[in-house]
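Novice: here is a sequence with its predicted model. Questions after.
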Amino acid sequence: MFPESARPLHGDQRHPAAVDSECVSAQDFQISGGPSWIGSDHFDIVAKIDGSAQDPFAAAQRPGPTPLQLMIRALLAERFKLTVHNETRDLPIYALVMARSDGRLGPELHRSETDCAAQMAAARGRGAPAAPPQSGAPMPCGIRIGMGNIAVGGATLSQVASNLSMFVGRVVQDRTGLTGAFDVNLTWTPDQMPQRAPGTPADQPLRVNGVDIDPNGPSIFTAVQEQLGLKLDSQRGPVDILVIDRAEHPVED
């Protein structure tokens, strides 16, 4: 099915619902239906893919699923007999809105001054993307997500809202009315902090991927308001749902 020169793809101990959610840029709460085991049983996925399917520059230029996402969905359909359909449902969401009546932005939200399109074009010319920044360093272009931190360079607030969704259990829709590209550095205290090394004071910040996480810091909702000058407002709205119609346990090779 895949050429021998293709790159290996490993998906260790993933359940099919999680893999399929990544293939359609959906969160777990946007998946409905299917047998009970689909969200609990885990499988190892080992496949080979054409290197061009992982080209982030080509993927950024086209709407819809990337070639890699389409290939993984085809694999799931073949091995798990997975069939799905999409629905739109009226569900609770969070609207990302301005927190201040004067429209003032917070200290960690700035208009981007980096020409990310030019950087992407230069990287395409080199045949490889630029090296990622060091842990904790500002993101010039792109999005870095870690425990208690989202760092963004040159992204729209719609993209920021989409990434906030994975931390708040609902779809987040950008309703700020702000256009253009922004730089964001949002830090909050996660509901579950990682385990500390023995003897580390409980009130001492924990360094995760180069970012200091304060155990007594703000929640993500407070951080969005204080650091970005925005607010997560609870509303209802249309949400895309992936409905699993059929799935079968795969037969071993």
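Specialist: Looks like it arrived, so ask away. All values reported here derive from a predicted model rather than from experimental measurement.
Novice: for the rest of this, base every contact and every neighbour count on C-alpha atoms.
Specialist: OK.
Novice: okay, now the unreliable bits of the chain?
Specialist: Residue ranges of the chain with pLDDT under 70: 1-25, 47, 49-65, 120, 123-139, 209-210, 253.
Novice: rerun that using 80 as the cut-off
Specialist: Across the chain, the ranges flagged by pLDDT under 80 are 1-27, 38-40, 43-70, 117-140, 192-212, 251-253.
Novice: isn't there a helix covering Gly106?
Specialist: No - using DSSP: H, G, I helix; E, B strand; the rest coil, the secondary structure at Gly106 is coil, not a helix.
Novice: that one: how many residues sit nearby?
Specialist: Neighbourhood size, Gly106 [other Cα atoms under 10 Å]: 18.
Novice: in the stretch 51-200 of the chain, which spans are strands?
Specialist: 83-98, 109-111, 142-146, 149-155, 172-174, 182-187 (DSSP state E, counting those that start in this stretch).
Novice: can you name every helix or strand that the fifth one contacts?
Specialist: Counting contacts by 3 or more Cα pairs under 8 Å, 6 or more residues apart in numbering; DSSP states H and E, the secondary-structure elements packed against strand 172-174 are strand 83-98, helix 157-168.
Novice: neighbouring contacts of the first one?
Specialist: In this case it means strand 83-98. 77, 161, 170-176, 229-247 (Cα atoms under 8 Å, 6 or more residues apart in numbering).
Novice: dump it to PDB, keeping only the CA atoms.
Specialist: The C-alpha trace of strand 83-98 is given here as PDB (Å, rounded to 0.1, in the frame of the first residue of the first chain):
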ATOM      1  CA  THR A  83     -17.600   4.600   8.800                       C
ATOM      2  CA  VAL A  84     -18.500   8.100  10.000                       C
ATOM      3  CA  HIS A  85     -20.600  11.100   9.100                       C
ATOM      4  CA  ASN A  86     -20.700  14.700  10.200                       C
ATOM      5  CA  GLU A  87     -23.500  16.600  11.900                       C
ATOM      6  CA  THR A  88     -23.900  20.100  13.200                       C
ATOM      7  CA  ARG A  89     -25.500  20.400  16.600                       C
ATOM      8  CA  ASP A  90     -26.500  23.300  18.800                       C
ATOM      9  CA  LEU A  91     -24.300  22.900  21.900                       C
ATOM     10  CA  PRO A  92     -22.600  24.900  24.700                       C
ATOM     11  CA  ILE A  93     -19.500  26.700  23.500                       C
ATOM     12  CA  TYR A  94     -17.200  29.400  24.600                       C
ATOM     13  CA  ALA A  95     -17.100  32.600  22.600                       C
ATOM     14  CA  LEU A  96     -13.700  34.400  22.700                       C
ATOM     15  CA  VAL A  97     -14.700  38.000  23.100                       C
ATOM     16  CA  MET A  98     -13.100  41.300  24.100                       C
END
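Novice: now it, how far from the centre of its chain.
Specialist: Taking Cα atoms, centre = their mean, to the nearest Å, one finds strand 83-98 lying 16 Å from the centre of the chain it belongs to.
Novice: next one: stretch 71-82
Specialist: Centroid displacement of stretch 71-82 relative to its chain, using Cα atoms, centre = their mean, is 22 Å.
Novice: report the buried residues of it.
Specialist: 71-73, 75-77, 80, 82 (16 or more other Cα atoms under 10 Å).
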